[in-house]
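Asks: Give me a model of this one.
(3 chains)
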Amino acid sequence: MEHGMLQARGLCKSYGDNQVLHDLDLDILPGKIYGLIGRNGAGKTTLLSILTAQNTKNAGEVTYNGEDVWENRKALDDICFSRELETTLFSSRNNLKVRHYLRSAAIFYPRWDEEYARRLAEEFRLEPKKRISQLSKGQLSMVTILIALASGAPITILDEPAAGLDVVARERFYQLLLEDYAKTGRTFIVSTHIIEEAASVFENVIILDEGRILENRPTEELLEQFRYVSGREDVVEEACRGLEVLSVSRMGRHANASVRGGAAQLAALDGYDVDVSPMNLQNVFVALCGHGDSQ
Amino acid sequence: MHGSLNDQSLIYLQIAQMLEDDILRGVYREEEQVPSTNELARVYHINPATAAKGINLLVTDGILYKRRGIGMFVAPGAEEAVKAKRRAAFYQDFIKPLVREGKSLGVTGEELLAMTRRAMEEGD
Amino acid sequence: MAKALKYLLVTNWAAIVFLPAAVAVVLLACILTGVPAGADNLFSTYFASMPSLLIIVLFVFGCTLSSSTLHVALSFGCRRKDYFLALQGIVVIYAAVAWAIHLILCRLPALLPWTANFQTMARMLNTTFWLYPLLALGMTFLGCLCGLVFTRSRRVAVLLYALSFGVMIGVTTSLAIAWMGEPNGEIPPAQSPFILAAAAITVGIVILAEVLLGRFIRRYCVK
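Replies: Residues are numbered from 1 along each chain as shown, chains lettered A, B, ... in the order given. Have a look, this model is predicted:
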C-alpha cells in the first residue's frame, strides 16, 4: 500500500505545569510494524493522540506527506488510531452498543472492510447487542483490535491492544496482525506493555521514556548492542572497560553487568573469563528505562 | 515468538540456522522450495522482514536461490555449502570454547586429546 | 462533512422520529377523549402546550446529541470543521421537523374543524412566522452547547442550563406581554416591541451558541 511518511519535529506537550513530551522528533517510515514501548506515564498515548491530530500540541509540527496533520482530511482518512476502550465515558457508563460503535467506525474509515469486521466479530464472539459498559476487559481489547484491523487504514495505530487479553488470545492477535501485514503491507504502530512476546513481531522499536524518544531503530540492530556480562567482579569490571555499563548487580564477589557497545567492543569480551549472554528486548527496556528503581 | 525460537540469539540467525539444519537433515532437498517469508512469519509469529533477513543470509551464502515469481529454492550443492560453512565456523564456535573451558577446569592438553579420542570411539 | 452528518443522523435518528411520533400519540389521545368537541382534559392541555413542549424537548435532544458524539467522532478521525458543519445540518433538521409539526398543530383546529379555540402558548408562538423556527434553532444549539460543556465541567454546564431556561422564560414572557396588548385575541403585529425584543434575544442566543460551540469543538482534545 503506497502512502507517505508520518513525521514529528520538536514536539512538546504540557498539561498545566507538567511537561509530558520534550522536543520530540519521530519518523514513521511506511510499510513497517513499529513497537512503541514505554513505562506507564511515559507519554505513549499522548504522543499517539498528537500524531493523529486528536490532541493539541504546545510546540513542534506533525506532518503526513509533508503536510500538517491538523484538520487535514487526507491525513485523517489514512490514519486509524484505535484506542483502549473504557467502560465509562465522562464518568458515566458508556452505554453505546457495540453494533453502533462499529457502525460509526464504518462510516468514518473510507477503507473499512465490513466482511472482515464481521468475521473478526464472530471469531472474537462479540455480541453486537451488548453495551460497551457490559463488556469484559478482554472483549474491550477485542473491539480495539477489530476496529484497527478492519479499518484498512494505511497507518494503523493500536494503543495497548493486548492489555486485556489472555495469553492464547494474545497469540491469536499477533497472528492476525502478521497475516494482515503480510497481505496489505500497511504501517502498524503497536503500543504495548507486554514487550517480550511482541518483540519478534516488531520490525522497528521505539522506546519512549519520560517524554523523550530513547531509541527508534530496527529491533535486531538494538539488541545486537546489548549483553549481560557476568563473572568475578574484578574480571567483569576489566572486561567492561570499553563499554557503556548500564547497571551492575552484585552477589558477594559475583557481578552481573548490563552493557552496551559496538560490535568490535563486544567481540573483545571473548578474551576474558566471563559469561556473555544476549539481552532480549524486555531486558534492554528495563536496563534503559528502569532508572535503577529496583537496585 | 513461537515454537522452537528462543531469545538466545537474534531471530533471523535462528531462522537461517533452522533452515540449514533442515537441509542437512534432508527435509529440503536440492531444487526443492523452502517456506516463504510470509509462511515463516506466520508459523513463528515473527515479522516477515526478520524472516526475509534470515533467508537472504542463506542466499548470500549460496545455499538458497530465488526463482522470480515463485519463491526460494535450495541451491544445488547446498548440503556441501552448509557443511563447509559450519566447518569454517567449527573452530571458532566449538573448539575454542572447548579449550577455554578445559583450561578453566585445569584439564591438560593430553587429557583433552584423550577425551576427544574416547568420544570419537564411543560415537561409533 | 457528509460522513460526519451521516454519523450524526445514524446515531440520532430515533430523536428525529420521536418528535412527530409523540405528537401523533397526543393527537390520537385528544381525538379519543373528545377534545375536538370541546372537552377540557389532560390531553387538551398537552395539545395546547405542544409547541413549547417541543422546544424543551429540542433542548434536551441537543444535550444528548453532542455529549458523546464529538468524542467518538474525533477518535475515529473526523475533522472538527466537518463535525461543526454536520452539527449545523442536524440542528436545522431538528428545528425544521419541530416547525413543521408546529405549523400543522396551529392550523389543525381550524382545518378539521374543531370547535375548541386554543388561546394559549401555541398561538403565542405562532405570532410571527419566523419566530418559532428561530426559537427552535436557538434552544437546540443551546442544548448542544450545554451537552458539550457538561463533558468538561459539570458546574458550568448547570449554570448554562439555568441560563437557558431563564432565556426561554424571558422570551415567552415577552411574547405573553405582547399578547396581552391585543385584547381582541388578534395576533400581535411583528413590530410590537416585545416581539422584536424576543426575536433579538433569540438571534443573539443563536449567534452566541454558534460561536461558543465552534470554539469548544476546535479546542477539544481527545487525550
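Asks: Return, as residue ranges, the portions of chain B with sub-threshold pLDDT.
Replies: B:1-2, B:124 (pLDDT under 70).
Asks: How about the residues of it by chain C?
Replies: Residues of chain B lying near chain C by Cβ under 8 Å from any Cβ of the partner chain: none. All C-beta atoms are positioned from the backbone trio N, CA, C, and that covers glycine.
Asks: Nearest residue to residue 141 in space, please, no chain neighbours.
Replies: Here I'm looking at chain A. In this structure, residue A:141 finds its nearest non-sequential neighbour in residue A:164, 3.9 Å apart by Cβ to Cβ, 6 or more residues apart in numbering or on different chains.
Asks: Hmm, no, I was thinking of chain C.
Replies: That would be residue C:209: by Cβ to Cβ, 6+ apart, it lies 3.7 Å from residue C:141.
Asks: got a list of what the spatially closest residue to residue A:132 that is not a sequence neighbour touches?
Replies: Leaving aside its chain neighbours, residue A:132 sits nearest to residue A:94 (4.4 Å; criterion: Cβ to Cβ, 6+ apart). Taking Cβ atoms under 8 Å, 6 or more residues apart in numbering or on different chains, we find residue A:94 in contact with A:85-88, A:131-133.
Asks: and residue A:94, how far is that from residue A:85?
Replies: 8 Å (Cβ to Cβ, to the nearest Å).
Asks: any shared contact partners between the two?
Replies: Contacts common to residue A:94 and residue A:85, judged by Cβ under 8 Å, 6+ apart, are residue A:132.
Asks: What lies in contact with the strand or helix carrying residue A:217?
Replies: Taking DSSP states H and E as the definition, one finds residue A:217 inside strand A:212-218. With contacts defined as Cβ under 8 Å, 6+ apart, strand A:212-218 is touched by A:21-27, A:203-208, A:222, A:288-289.
Asks: Mind listing what's buried along that strand?
Replies: In terms of neighbour count (16 or more other Cβ atoms under 10 Å in any protein chain shown), strand A:212-218 has its buried residues at A:213-216, A:218.
Asks: Kindly report the same for stretch A:123-138.
Replies: A:124, A:126, A:131-132, A:135.
Asks: biggest separation within these, which pair?
Replies: Across the buried residues of stretch A:123-138, the longest distance by Cβ to Cβ is 16.4 Å; it joins A:124 and A:131.
Asks: one step back: quick one: the contacts of residue A:94 as TSV, columns for pLDDT and distance to residue B:101 too.
Replies: Below are these laid out as TSV (pLDDT from 0 to 100; distance: Cβ to Cβ, whole Å):
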residue	pLDDT	distance to residue B:101
A:85	84	55
A:86	79	56
A:87	78	58
A:88	75	60
A:131	89	64
A:132	88	60
A:133	88	62
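Asks: Grab the longest helix from chain A for me.
Replies: Ranked by residue count and defined by DSSP state H, the top helix of chain A is helix A:167-184.
Asks: Remind me what it packs against, helices and strands.
Replies: If you count contacts as 3 or more Cβ pairs under 8 Å, 6 or more residues apart in numbering or on different chains; DSSP states H and E, helix A:167-184 packs onto helix A:137-151, strand A:187-192, helix A:195-199, helix B:37-44, helix B:48-60.
Asks: can we see that at 10 Å?
Replies: strand A:33-38, helix A:114-123, helix A:137-151, strand A:155-159, strand A:187-192, helix A:195-199, helix B:37-44, helix B:48-60 (3 or more Cβ pairs under 10 Å, 6 or more residues apart in numbering or on different chains; DSSP states H and E).
Asks: quick one, which of these is nearest to residue C:138?
Replies: helix A:137-151 (37.0 Å).
Asks: centre of the chain versus that closest one, how much separation?
Replies: 16 Å (Cα atoms, centre = their mean, to the nearest Å).
Asks: Report the mean confidence score over it.
Replies: For helix A:137-151, mean pLDDT is 94.
Asks: Just want the angle from that helix to strand A:155-159.
Replies: In terms of direction (axes from the mean of the first three to the mean of the last three Cα atoms, to 10 degrees), helix A:137-151 departs from strand A:155-159 by 170 degrees.
Asks: got the buried residues for helix A:137-151?
Replies: Buried, per 16+ other Cβ under 10 Å, within helix A:137-151: A:139-151.
Asks: unless I'm mixing things up, residue A:277 is touching residue A:231, no?
Replies: No. Between residue A:277 and residue A:231 no contact is recorded; they are 11.3 Å apart, counting by Cβ atoms under 10 Å.
Asks: could you say which helix or strand contains the residue nearest in space to the middle of chain B?
Replies: Geometric centre of chain B, nearest residue: residue B:17, 3.1 Å, by Cα atoms, centre = their mean. Assigned by DSSP H and E, residue B:17 belongs to helix B:11-25.
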